[in-house]
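> sequence first, then the predicted structure, then my questions.
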Amino acid sequence: MENERKPKRVHLSAGRRELLDIVKTCRAVENREFNPFLLDVRQAIEILRKYFPHWEDLDDYCLDAQTLNELSKVIKLQNTQLRFQSSSLYADPEFLERKFERLSVKKLAEIFVKCWHPTVELEQLTLTTIEEALDYWRNLLPFEERWRRLQLGRSSQPQALEMAEALRLGVTSTEGFMRMLEKAWSEMKDEYSRNGEVEYWKFAVRDSYRETVRRAYLISFLLTYGYARMLVKKKGRMFLEPYETQKVEEDRHMVSFPISIGVERWKEWREKV
Amino acid sequence: MERESVGKRFYGDKLKRAAHLLLFKRGKMPGAKDWELKTKLGRDYEEIVSQLNALLGDLDLEVRKIAEEPVGGPIESVPTRRGEAEARFLVGLKGSLTLREARMCGWRIDNLSALSVAISYLISKQGKAARKDVEKLLAYKFGRWRAMTLVDVFIRSGYLSEDETGLLSLGWRTRAEVDLKSLMTLVLEARPS
């Protein structure tokens, strides 16, 4: 008796999902999110072949055509990449990233200047430039909008704060400010002698957001008054180094270093610490 | 006034007019389009431009022809100093500046350095990369806030361009002013001092 092969049932909804997935992946490749060679074009074509005889609606045929179109774009990108890799401009992006980390700012600037041939352009006030300037100011987003891009959280207008309210919020305390500073300083020194380093976020972050802000506030004073210094190491990691005695270094140039402590960031660090 | 010698013409007034057109910025971009030059200088505009180029050569300057709006394809296919019909003529430095001279022109060393990083990174990514990736790379050396403002500055000055999906590509100014091959060679050859 011959075994009759039962034809495999094709689920059209699954097919649509698969095609949409391919389109999505192709678009990600076009947006340089993935390497074009990560997409198995042959397999994608197989999927198209599998479902093509079963399509009945116009929408499905359109989806099939769209998928094919997106796949052709990926193949074009693969071709471009191969040509690019064989050109003299090819360099591995990851290798370059590591190189940039090691090269100094001055060295990078020197390299650039050697292959830079700037254009000569004499500026003058013309109707076009005045219009351009006006357009710039008209289109400039309000300051608050621009800050929003930094995701610093909502900002509100400055208001006056009563002493009682300040005490309630924990911004100030009945305990002397210098005493609070001394306490934070000795705590920092203890941690430094124990671990040999004090990481900023580990030291500042506490279970409550309020306490974290208070500690960050105290740290900023300790740094400004010369009780400690801050070191920014690789990948932007910040470390605190307490001094044994207060140091006033007049010959050193002080630099302001803003650190944002948004609630989101605090939550993130609280989980890490 | 035009003088004609044996086999060669010298365009006196037209040369001056060409220099004015190319050196004084009139619109958003410096230089002049080929059709502008043709309208104002006549059919022989290419010869006039080449005479101007010879004169400027003594001053370490040169006239360049760049493609007006190249498509964001592979870098190799983008014409750098030779364009087709829609081309723009610019006057630029033939040689290069020293770091000190660049600073005197108003460029900060860290801006030049950041530009070098951004351009080389974009080249390594075949001319296109997500803005957030470029900012992340710059943030390592220059800080997050500065990285964002630097990218904005580079876009405004035409060194980079950004599309609506947040992809950065090399701008017209990079193609006109930067020798990309030398840049990549120098970056790859550089050793940390």
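Yep, it's here.

> pull out the buried positions in the host helix or strand of B:Ile48.
Assigned by DSSP states H and E, B:Ile48 falls within helix B:45-57. By neighbour count on 16 or more other Cβ atoms under 10 Å in any protein chain shown, the buried set for helix B:45-57 is B:Tyr45, B:Ile48, B:Val49, B:Gln51, B:Leu52, B:Asn53, B:Leu56. Every residue, glycine included, has its C-beta placed from N, CA and C.

> pLDDT score assigned to the nearest residue to A:Val232 once chain neighbours are set aside?
Residue nearest to A:Val232 in three dimensions, not counting chain neighbours: A:Met238, with 5.5 Å by Cβ to Cβ, 6 or more residues apart in numbering or on different chains. With respect to pLDDT, A:Met238 scores 87.

> can you give me the mean pLDDT across stretch A:43-60?
Computed over stretch A:43-60, the mean pLDDT rounds to 90.

> got the buried residues for that stretch?
Within stretch A:43-60, the residues that count as buried by 16+ other Cβ under 10 Å are A:Ala44, A:Ile47, A:Leu48, A:Tyr51, A:Trp55, A:Asp60.

> contacts for the strand or helix carrying the second one next, please.
Spelled out, it's A:Ile47. In this structure, A:Ile47 sits in helix A:41-51 according to DSSP H and E. With Cβ atoms under 8 Å, 6 or more residues apart in numbering or on different chains as the test, helix A:41-51 has contacts from A:10, A:12, A:15, A:18-19, A:22, A:64, A:67-68, A:71, A:74-75, A:78.

> how about the buried residues of helix B:45-57, which pair is most distant?
Greatest spatial distance among the buried residues of helix B:45-57 (Cβ to Cβ): B:Tyr45 and B:Leu56, at 15.8 Å.

> quick revisit: need the next SSE after the helix holding A:Ile47, C-terminal direction.
helix A:58-85.

> now do that following helix: which elements does it pack against?
Under the contact criterion of 3 or more Cβ pairs under 8 Å, 6 or more residues apart in numbering or on different chains; DSSP states H and E, helix A:58-85 touches helix A:12-30, helix A:41-51.

> just those: most buried one?
helix A:12-30 (a mean of 16; mean count of other Cβ atoms under 10 Å in any protein chain shown).

> distance between that helix and the chain's centre?
The chain centroid and the centroid of helix A:12-30 are separated by 28 Å, computed with Cα atoms, centre = their mean, to the nearest Å.

> and stretch B:103-117, by the same measure?
A distance of 15 Å separates the centroid of the chain from that of stretch B:103-117, by Cα atoms, centre = their mean.

> do stretch B:102-109 as well
Worked out by Cα atoms, centre = their mean, stretch B:102-109 lies 17 Å from the chain centre.

> stretch B:24-40 too?
From the chain centre to the centre of stretch B:24-40 is a distance of 15 Å (Cα atoms, centre = their mean).

> do the same with stretch A:37-52
Put simply, stretch A:37-52 sits 34 Å off its chain's centre (Cα atoms, centre = their mean).

> surely B:Lys176 and B:Arg64 touch.
Wrong residue type there; residue B:176 is Ala, not Lys. Yes: the criterion here is Cβ atoms under 8 Å, and B:Ala176 meets it with B:Arg64 at 6.2 Å.

> quick check: neighbours shared by these two?
By Cβ under 8 Å, 6+ apart, B:Ala176 and B:Arg64 have these common neighbours: B:Leu90, B:Gly92.

> ok, A:Ala65 - how many residues close by?
A:Ala65: 11 surrounding residues under other Cβ atoms under 10 Å in any protein chain shown.

> tell me the predicted confidence for it.
A:Ala65 carries a pLDDT value of 94.

> distance check, it against A:Ile45.
Per Cβ to Cβ, to the nearest Å, A:Ala65 is found 14 Å from A:Ile45.

> what's next to stretch A:197-206, contact-wise?
A:188, A:191-192, A:212, A:215-216, A:219, A:230, A:237-242, A:259, A:261, A:266, A:269-270, A:272-273.

> mind checking the SS state of A:Trp185?
Assigned by DSSP: H, G, I helix; E, B strand; the rest coil, the conformation of A:Trp185 is helix.

> quick one: low-confidence ranges for chain B?
Across chain B, the ranges flagged by pLDDT under 70 are B:1-11, B:68-85, B:193.

> do a quick rundown of the helices in it.
Here chain B has its helices, by DSSP state H, at B:12-23, B:34-41, B:45-57, B:99-104, B:109-124, B:131-142, B:144-157, B:172-177, B:180-189.

> among those, which comes closest to B:Thr165?
Across the helices of chain B, B:Thr165 has its closest neighbour in helix B:131-142 (9.4 Å, Cβ to Cβ).

> could you give the separation of that closest one from the chain centroid?
The chain centroid and the centroid of helix B:131-142 are separated by 23 Å under Cα atoms, centre = their mean.

> does anything pack onto it? Which helices or strands?
helix A:93-102, helix B:109-124, helix B:144-157, strand B:167-170.

> got the ones you listed as JSON lines, with distance to A:Glu30 and mean neighbour count columns?
Formatted as JSON lines, these follow (distance: least, Cβ to Cβ, whole Å; neighbours: other Cβ atoms under 10 Å in any protein chain shown):
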{"stretch": "helix A:93-102", "distance to A:Glu30": "17", "mean neighbour count": "15"}
{"stretch": "helix B:109-124", "distance to A:Glu30": "16", "mean neighbour count": "24"}
{"stretch": "helix B:144-157", "distance to A:Glu30": "21", "mean neighbour count": "17"}
{"stretch": "strand B:167-170", "distance to A:Glu30": "9", "mean neighbour count": "22"}
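
> of all the ones you listed, which lies closest to A:Arg27?
Going by Cβ to Cβ, the one of those nearest A:Arg27 is strand B:167-170, 12.0 Å.

> give the pairing partners of that closest one; include direction for each.
Strand pairing for strand B:167-170, determined by DSSP bridges: strand B:128-130 (antiparallel), strand B:160-162 (antiparallel).

> hmm, back to that, to A:Ala164, which of the helices and strands packed on helix A:58-85 lies closest?
Of all the helices and strands packed on helix A:58-85, helix A:12-30 sits nearest to A:Ala164, with 55.5 Å by Cβ to Cβ.

> outside of that closest one, which residues touch it?
So helix A:12-30 is in contact with A:34-36, A:38-39, A:44, A:47-48, A:50-51, A:54-55, A:60, A:63-64, A:66-67, A:70-71, A:73-74, A:77, going by Cβ under 8 Å, 6+ apart.

> so what's B:Ala114 up against?
By Cβ under 8 Å, 6+ apart, the contact set of B:Ala114 is B:Leu138, B:Lys141, B:Phe142, B:Ala147, B:Leu150, B:Phe154.

> and for it, nearest residue in space, chain neighbours not counted?
Using Cβ to Cβ, 6+ apart and skipping the chain neighbours, the partner closest in space to B:Ala114 is B:Leu150 (4.7 Å).

> can I assume B:Ala87 is in contact with B:Arg64?
No: taking contacts as Cβ under 8 Å, B:Ala87 lies outside contact range of B:Arg64: 9.6 Å.

> quick one, which of these two is more surrounded?
B:Arg64 (24 against 19).

> what ranges do the helices span in the stretch 151-273 of chain A?
A:163-169, A:177-195, A:200-204, A:209-224, A:263-272 (DSSP state H, counting those that start in this stretch).

> all set now, cheers.
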